[in-house]
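[1] Fold the following and give me the result.
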Amino acid sequence: MASFSHNCRPASEIIVEYLEKNLPDFLEVWEEKIKIEENDKYKDNVRINGLQMYELVKQTMLGSIEEKELRSLAEAVAYQRMEAGSNIGEFVYNVNVGRSIIIKQVNSSGVSVAELTESIDKINSQFDQFCYFAVTKYTELINKKLEEKQKYIADTHKDKLAILGHMSSSFVHEFRNPLTSIMGFTKLLRKDFPGNKYLEIIEMELDQLNYRITQFLHTSRIDTSEKRSETFDLEELCNEIIKFIYPSLLSEDVIVTSENINDVYIKGNASELKQVFLNILFNSIDALKLRDKPRKIHIVCHKIEDRADITISNNGPPIPKEIKETIFEPFYTTKELGTGIGLFVSKSIVEKYGGEITCESGEDLTYFKIVLPMDTK
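    The predicted structure is shown next:
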């Protein structure tokens, strides 16, 4: 394999000449070994890409290739593979099959061992660059495609929520008008009959019904409503909420305890965040109906720098893993008469004020953790 047998011609010329003579053999072996789906819409381009790659190898041997040419081919192939839905591993495999065949041909070209080593290094370097450019572009295109799909899904989801919100808004207003009148007349009756315990119960039930309507209406304007942020006392808010849900606690025999909620001042809108606590507490009460007494809800707060870590736990049955993973999705509910919007609204409100809400559930306790910004002044 001495180079003198070729009258001392440069090794690069000998290799290029040999590759030109053996191009048909390369294509035949390569097309036989590569992996490609029958329904690949770019199947006919594979042979063309192989020819282009073979030509670039020849140019590399002659020292005339430019990086932009290599990048251009690599990115064109990456686009085709992405459009064809090809696996990136399959693509890299096919490239390396081509590399192996070409190196075998170069080994048979008859140049000296020293010149052969230098030529193979050039070929490997070119193939490495080609793979890098192609895989980088392929990844970029796939990520962009995924982002577009996610944006489309999110936009479609928002549109559906907006349409539902507009429809439900007018529908629910038809309930709110007579409800407002009933609540007004109930207050007048309480003035005339201040000691009537039934009027007090009616008033509490009407307040809860009004809250449910407000909660439902909130889904249609959750992303657009702008309410003034303020600082409020967590203990006062909790006392107000417990008083509000007292009839439900009494009827289901639920005990509520609290810990470390004094001297905690939260940043946000009190009326909106009140909905968050109400949603979680009502869900807790519903869950506790499924277990024997004692039925307990515990509210505890931990101050962590400028954040308030508020946990509301109940000793109801555990939430199954598959339900827990979708519990904050809109319109997902396991309740026969549930709307599936309570926890979705809660998550939206908490995130609106820079906080986060999570759920953990075990055999003994279910926890809803709410992290909110705190006023530390």
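
[2] May I have the phi/psi pair for L290?
    phi -90, psi 0 (degrees, to the nearest 10).

[3] can you pull the contacts of Q52?
    By CB atoms under 8 Å, 6 or more residues apart in numbering, Q52 lies in contact with L73. In short, each C-beta sits where N, CA and C put it, glycine included.

[4] Please repeat the previous calculation with a cut-off of 10 Å.
    N45, E69, S72, L73, A76, V77 (CB atoms under 10 Å, 6 or more residues apart in numbering).

[5] Show me which of those residues are buried.
    Buried by 16 or more other CB atoms under 10 Å: L73, V77, out of those.

[6] Farthest-apart pair in the contacts of Q52, please.
    N45 and E69 (17.4 Å; CB to CB).

[7] tell me the domain boundaries of this structure?
    3-148, 157-218, 230-373 (automatic domain parsing).

[8] After the least confident helix or strand in the chain by mean pLDDT, which helix or strand is next? Please name it.
    Ranked by mean pLDDT, DSSP states H and E, the helix or strand of the chain with the weakest confidence is helix 197-218, at a mean of 72. Next helix or strand after helix 197-218 toward the C-terminus (DSSP states H and E): strand 230-233.

[9] Now that next one: buried residues?
    Neighbour counts over strand 230-233 (16+ other CB under 10 Å) mark F232, D233 as buried.

[10] Please list the residues outside that strand that contact it.
    Residues contacting strand 230-233 (CB under 10 Å, 6+ apart): 239-240, 261-271, 273-274, 373-375, 377.

[11] In strands, which of those fall?
    Y265, I266, K267, G268, P373 (DSSP state E).

[12] Quick one: residues contacting the fourth one.
    Taking CB under 10 Å, 6+ apart as the criterion, G268 is in contact with 227-232, 276, 349-350, 352-355, 372-375.

[13] which other helices and strands contact the longest helix anywhere in the chain?
    As assigned by DSSP state H, the longest helix anywhere in the chain is helix 113-192. The contact analysis (3 or more CB pairs under 10 Å, 6 or more residues apart in numbering; DSSP states H and E) places helix 113-192 against helix 11-21, helix 45-62, helix 67-83, helix 88-107, helix 197-218.

[14] re earlier: and the contacts of strand 230-233, which are buried?
    With neighbours counted by 16+ other CB under 10 Å, these contain buried members at I261, V264, I266, K267, G268, N269, A270, L273, K274, P373, M374.

[15] Phi first, then psi, for G316.
    Note on G316: backbone dihedrals following degrees, to the nearest 10 are phi -80, psi -180.

[16] secondary structure element for the closest residue to it other than its chain neighbours?
    Closest residue in space to G316, ignoring its immediate chain neighbours: A287 at 3.4 Å, by CB to CB, 6 or more residues apart in numbering. Per DSSP H and E: A287 is located in helix 270-288.
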